[in-house]
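S.K.: No sequence on hand, only this structure:
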């Protein structure tokens, strides 16, 4: 039976990586993002911003009583190159700036070109600098990999390299999160012990979208698995719909 809309919307807020990765982002935009993150129905899981805004996001959230909201940023983004040293430097700098989580683009071009080692090597190198409570989230760019076998291979590579989450997409390509890619990734996670989390991102804008991916995770992993420690939804526009649902009068 489907979860009532309001209950689902509250859950989705708690899983949300509220994202602003726009070319025209400025300090004011990031402050607005952090204000939105502290909703009347509880905070989002994280905000995701470009590296130069990490410190501002952390300070703003703290000033709003949002110390529990994690600050995520990106590296090797969005093109997924194969330069390990450069990517590791980006990750280290993000952590030094105060990032709690780093979403690193898996070098998908390398896998498409037949290099079956570069993805694992790059992510393993990033893992070494993500110490303590810093989470490493591997963006597979499944819409570019396309082939189910390649998506599975990238998922297993990322898990083997020590990623805390595997993530569908950057949101910067034509094809982003899909039901098929999420199913493949969940299966890989389950096969490897169900400790690694799933982040779906790109094109997730409606409550129905959230219901789809939460439902897939529950179906494969069980209801208890679906929390911010194992599942995230990366989105910018979804929050408005979730809030609109919760602000309605009595009903579903």
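M.R.: Great, that's in hand. Just so it is clear, the model here is predicted, and its values are computed rather than measured.
S.K.: can you map out the strands along the chain?
M.R.: 16-20, 38-39, 42-43, 46-49, 70-75, 101-105, 135-139, 165-167, 197-201, 231-235 (DSSP state E).
S.K.: right, and those - which one's nearest residue 147?
M.R.: Smallest distance to residue 147 across the strands of the chain (CB to CB): 16.4 Å, for strand 165-167. Glycine gets a C-beta too; all of them are placed from N, C-alpha and C.
S.K.: Residues contacting that closest one, please?
M.R.: 103, 135-140, 154-155, 158-159, 185, 188-189, 196-201, 232, 234 (CB atoms under 8 Å, 6 or more residues apart in numbering).
S.K.: switch to 6 Å and redo it
M.R.: Residues from elsewhere that reach strand 165-167 (CB atoms under 6 Å, 6 or more residues apart in numbering): 137, 138, 139, 155, 158, 185, 197, 199.
S.K.: Parallel or antiparallel, which strands does it pair with?
M.R.: Strand 165-167 pairs in its sheet with strand 135-139 (parallel), strand 197-201 (parallel), by DSSP bridges.
S.K.: Quick one: the strands of the chain as a markdown table, columns for mean neighbour count too.
M.R.: Output for the strands of the chain, formatted as a markdown table (neighbours: other CB atoms under 10 Å):
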| stretch | mean neighbour count |
| --- | --- |
| strand 16-20 | 24 |
| strand 38-39 | 16 |
| strand 42-43 | 16 |
| strand 46-49 | 29 |
| strand 70-75 | 26 |
| strand 101-105 | 27 |
| strand 135-139 | 26 |
| strand 165-167 | 27 |
| strand 197-201 | 27 |
| strand 231-235 | 28 |
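S.K.: so what's the backbone phi/psi at residue 196?
M.R.: As for residue 196, its main-chain torsions (degrees, to the nearest 10) stand at phi -80, psi 150.
S.K.: Touching, it and residue 161? I think so.
M.R.: No: contact criterion CB atoms under 6 Å: residue 196 and residue 161 do not qualify, at 10.6 Å.
S.K.: quick one: which of the strands of the chain is nearest residue 29?
M.R.: strand 16-20 (6.0 Å).
S.K.: May I see the contacts of strand 165-167 organised as a markdown table, with distance to residue 10 added?
M.R.: Output for these, formatted as a markdown table (distance: CB to CB, whole Å):
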| residue | distance to residue 10 |
| --- | --- |
| 137 | 23 |
| 138 | 28 |
| 139 | 27 |
| 155 | 29 |
| 158 | 30 |
| 185 | 25 |
| 197 | 19 |
| 199 | 19 |
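S.K.: Let's have those residues in JSON lines, adding distance to residue 73 and pLDDT.
M.R.: Formatted as JSON lines, the contacts of strand 165-167 follow (distance: CB to CB, whole Å; pLDDT from 0 to 100):
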{"residue": "137", "distance to residue 73": "10", "pLDDT": "99"}
{"residue": "138", "distance to residue 73": "14", "pLDDT": "99"}
{"residue": "139", "distance to residue 73": "12", "pLDDT": "99"}
{"residue": "155", "distance to residue 73": "22", "pLDDT": "99"}
{"residue": "158", "distance to residue 73": "18", "pLDDT": "99"}
{"residue": "185", "distance to residue 73": "22", "pLDDT": "99"}
{"residue": "197", "distance to residue 73": "17", "pLDDT": "99"}
{"residue": "199", "distance to residue 73": "14", "pLDDT": "99"}
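S.K.: Out of these, which comes closest to residue 222?
M.R.: residue 197 (13.8 Å).
S.K.: what's the spacing between residue 96 and residue 51?
M.R.: Here the criterion is CB to CB, to the nearest Å. By it, residue 96 lies 10 Å from residue 51.
S.K.: Please apply the same query to residue 102.
M.R.: In terms of CB to CB, residue 102 sits 9 Å off from residue 51.
S.K.: Next: residue 82.
M.R.: Plainly put, residue 82 is 20 Å away from residue 51 if you go by CB to CB.
S.K.: Check residue 8 too.
M.R.: 33 Å.
S.K.: what's the answer for residue 64, then?
M.R.: Going from residue 64 to residue 51 by CB to CB gives 21 Å.
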